[in-house]
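# My questions are about this predicted structure, shown below with the sequence.
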Amino acid sequence: MSIIGCYRVTMDRLETSARLMIVSDLDHTMVDHHDPENLSLLRFNALWESSYRHDSLLVFSTGRSPTLYKQLRKEKPMLSPDITIMSVGTEITYGVSMVPDEGWVEVLNQRWDRNIVVEETSKFPELKLQSETEQRPHKVSFYVDKDNAQEVTKALSEKLANRGLDVKIIYSGGMDLDILPQGAGKGQALAYLLQKFKEEGKPPKNTLVCGDSGNDAELFSIPEVHGVMVSNAQEELLQWHAENAKNIPKIIHASERCAGGIIQAIGHFGLGPNTSPRDVAETADSHLEDAGPAHEVVKFNLFYERWRRAEVEHCETYIASLKASCHPAGSFVHPSGVEQRLHESISAMKKIYGDRQGKQYRVWVDRVLPSKISSDTWLVKFVKWELLGEEQQSCICTAVLTFEVVNGLHLYTWAHLHETWSEGSGAKDNGMWLL
Ligand code: GLC
Ligand code: MG
């Protein structure tokens, strides 16, 4: 058995091949740092959770170290990925608990000696060391001017080769220079994962890679993957593409920024649904759609956000329709532990219409995983997030939804909703977390 085969993929949520595996860079790809409202990210989140989460895989592949990655998650409304690849493909972890892939570490140890890299780079005054958090076991990172980048890269490669090392030097964002083992990088990390999935007999049916800068280029050279360079891609990536991959039809340069470009690519390559529930206007009978229970959960929470932001009309029909979609005896357990009828909670919503109007307030759901527990009942587990200004908090939710088929459409009824605070969350004022 190969080295790779000895280590089981810890990603065993899916029993069969993922329908779609998205492998996306974060900064300026999934996350738009020029959009304080995070709209494209929120649109992607709603699409992913309503249509893909249950049978697909979300992989984040970032240059950030675990420290800076965790910081970004606190700042932006991001989903939880199934797999997190950090430090430019040198650290792979699985699941929410981020279990490291030890097998990958062994692969990277080959012909790598960090001390020699540090020693040789110290002889280049053009190289300015990045912060301590970004120096990792298989990654040494600097800042260097665009004008010096090429020359330094060339001289440094020669020096390190003379010392017997086999390294990869990557320039990104017109400022960052990373030195990694030759076998590392975002592309190699993805190839390693794909090989693992293959060995387990479940290669993804489709893979879409998404990026904007130099360290993403390798992702696009993996065979059999679709690729999207977001509209705001950096010069170095576009140049790499023009020189190396111009005629590959599986790679597009989107006309939309960041996560908007990812959604665009899903549509362009026909990889599955590409209409985000956030792009669909609210109507009182919008629950009359033939979609699954995850879609129902996404829509319900989206309506709640729009109601509090006063982005839907203040009309009784909505409340009546929401009530109609809840079982009369259905109960809601608030994260504080207080239990009441779902109908009562919905009546209470009348009072908070527009209370978040003009505020930076968002609601999104994460890890929406439905399981069918009887012929007409779904148990749906998910995490519900609320962002208000700078603060984010979340709840772990379990919902029971029954359904009937009316005129060929699935009609869902909420029978029960139970919420508990996630670790580190808990409202200072319980009343502000209504549902
Ligand atoms: C991220 C990392 C940095 C790296 C850059 C490019 O910004 O924090 O260390 O140099 O990505 O890969
Ligand atoms: Mg980026």
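Received the coordinates, thanks. Numbers count the residues shown, from 1 in each chain. Ligands and ions are numbered 1, 2, ... in the order given.
# As a check, name the ranges of all strands in the stretch 101-250 of the chain.
For the stretch 101-250 of the chain, the strands defined by DSSP state E, counting those that start in this stretch occupy 128-129, 140-143, 167-172, 176-181, 207-211, 226-229.
# closest one to ligand 2 among these?
Among the strands of the stretch 101-250 of the chain, strand 207-211 comes nearest to ligand 2, with 6.3 Å by CB to the ion. In this view, the C-beta of every residue, glycine as well, is placed from N, C-alpha and C.
# and the closest one, which strands flank it?
Paired neighbours of strand 207-211 in the sheet (DSSP bridges): strand 21-24 (parallel), strand 226-229 (parallel).
# Run the chain-centre distance for stretch 331-338.
For stretch 331-338, the separation from the chain centroid amounts to 29 Å (computed by CA atoms, centre = their mean, to the nearest Å).
# do you know which of the strands of the stretch 101-250 of the chain lies nearest residue 35?
strand 207-211 (16.3 Å; CB to CB).
# tilt between that closest one and strand 167-172?
Counting by axes from the mean of the first three to the mean of the last three CA atoms, to 10 degrees, strand 207-211 lies at 70 degrees to strand 167-172.
# Would you enumerate the residues in contact with the residue in the stretch 251-400 of the chain that ligand 1 sits nearest to?
Going by CB to the nearest ligand atom, ligand 1 is nearest to residue 258 of the stretch 251-400 of the chain, at 15.7 Å. With contacts taken as CB atoms under 8 Å, 6 or more residues apart in numbering, residue 258 has the following neighbours: 28, 29, 30, 31, 32, 35, 40, 41, 212, 230, 232.
# Intersect those with the contacts of ligand 2.
Applying CB under 5 Å from the ion, the subset of the contacts of residue 258 adjacent to ligand 2 comprises 28, 212.
# Which residue is the nearest non-sequential neighbour of the residue in the stretch 51-200 of the chain that ligand 1 sits nearest to?
Nearest residue of the stretch 51-200 of the chain to ligand 1, counting by CB to the nearest ligand atom: residue 63, 2.2 Å away. Excluding the flanking residues, the one nearest residue 63 by CB to CB, 6 or more residues apart in numbering is residue 88, at 4.8 Å.
# follow-up on the earlier one: tell me the SS of the residue of the stretch 51-200 of the chain closest to ligand 1?
Put simply, residue 63 is coil when judged by DSSP: H, G, I helix; E, B strand; the rest coil.
# In the stretch 1-150 of the chain, what residue spans correspond to helices?
3-6, 39-47, 66-75, 102-108, 114-121, 146-162 (DSSP state H, counting those that start in this stretch).
# ranking those by burial, who's on top?
Highest mean neighbour count of those: helix 39-47, a mean of 23 (counted as mean count of other CB atoms under 10 Å).
# so where is the chain shaky, pLDDT-wise?
1-11, 284-290, 427-431 (pLDDT under 70).
# what's the domain layout of it?
Recorded structural domains for the chain (assignment: the TED database) are 3-105+184-269, 111-181, 293-421.
# Please tabulate the strands of the stretch 101-250 of the chain in TSV, including the columns distance to residue 187.
Shown next, in TSV, are those (distance: least, CB to CB, whole Å):
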stretch	distance to residue 187
strand 128-129	25
strand 140-143	18
strand 167-172	10
strand 176-181	11
strand 207-211	9
strand 226-229	11
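# What separation do you get for the residue of the stretch 51-200 of the chain closest to ligand 1 and residue 87?
Applying CB to CB, to the nearest Å, the value for residue 63 to residue 87 is 7 Å.
# When those two are compared, which one has more neighbours?
Here residue 63 and residue 87 are compared on neighbour count by other CB atoms under 10 Å; more neighbours surround residue 63, at 28 against 25.
# so who does the more buried one touch?
Counting by CB under 8 Å, 6+ apart, residue 63 touches 25, 27, 87, 88, 172, 176, 178, 215.
# I figured the fifth one hits residue 185, correct?
Translated: residue 172. No: taking CB atoms under 8 Å as the definition, residue 172 is not a contact partner of residue 185, at 11.2 Å.
# Overlap in contacts, the two.
With CB under 8 Å, 6+ apart as the test, residue 172 and residue 185 both reach residue 215.
# Would you pull up how far the strand or helix carrying residue 297 lies from the middle of the chain?
Taking DSSP states H and E as the definition, residue 297 sits inside helix 293-308. Its chain's C-alpha centre and that of helix 293-308 lie 19 Å apart, by CA atoms, centre = their mean.
# Could you show which parts of the chain are in contact with ligand 2?
Checking the chain against ligand 2 by CB under 5 Å from the ion, the hits are 25, 27, 28, 212, 213.
# The residues you listed into a markdown table, with extra columns for neighbour count?
A markdown table is the format used below for those (neighbours: other CB atoms under 10 Å):
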| residue | neighbour count |
| --- | --- |
| 25 | 27 |
| 27 | 19 |
| 28 | 20 |
| 212 | 28 |
| 213 | 27 |
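# ok, so of the residues you listed, who is nearest residue 52?
Nearest member of these to residue 52, counting by CB to CB, is residue 25, at 18.2 Å.
# What values do phi and psi take at the closest one?
Dihedral pair for residue 25: phi -70, psi 160, per degrees, to the nearest 10.
# ok, what's across the strand from the closest residue in space to residue 69 that isn't next to it in sequence?
Nearest non-adjacent residue to residue 69, counting by CB to CB, 6+ apart: residue 86, 5.4 Å away. Applying DSSP bridges to residue 86 gives these bridge partners: residue 91.
# list the contacts for residue 86?
Applying CB under 8 Å, 6+ apart to residue 86 gives the contacts 62, 64, 65, 66, 69, 93.
# let's see 10 Å
Contacts here follow CB atoms under 10 Å, 6 or more residues apart in numbering; on that basis residue 86 touches 26, 60-70, 92-93, 98, 136, 139, 189.
# Show me what secondary structure element comes after the longest strand that the chain contains.
Longest strand of the chain, by residue count under DSSP state E: strand 391-406. Going down the chain from strand 391-406, the next helix or strand is strand 409-421, by DSSP H and E.
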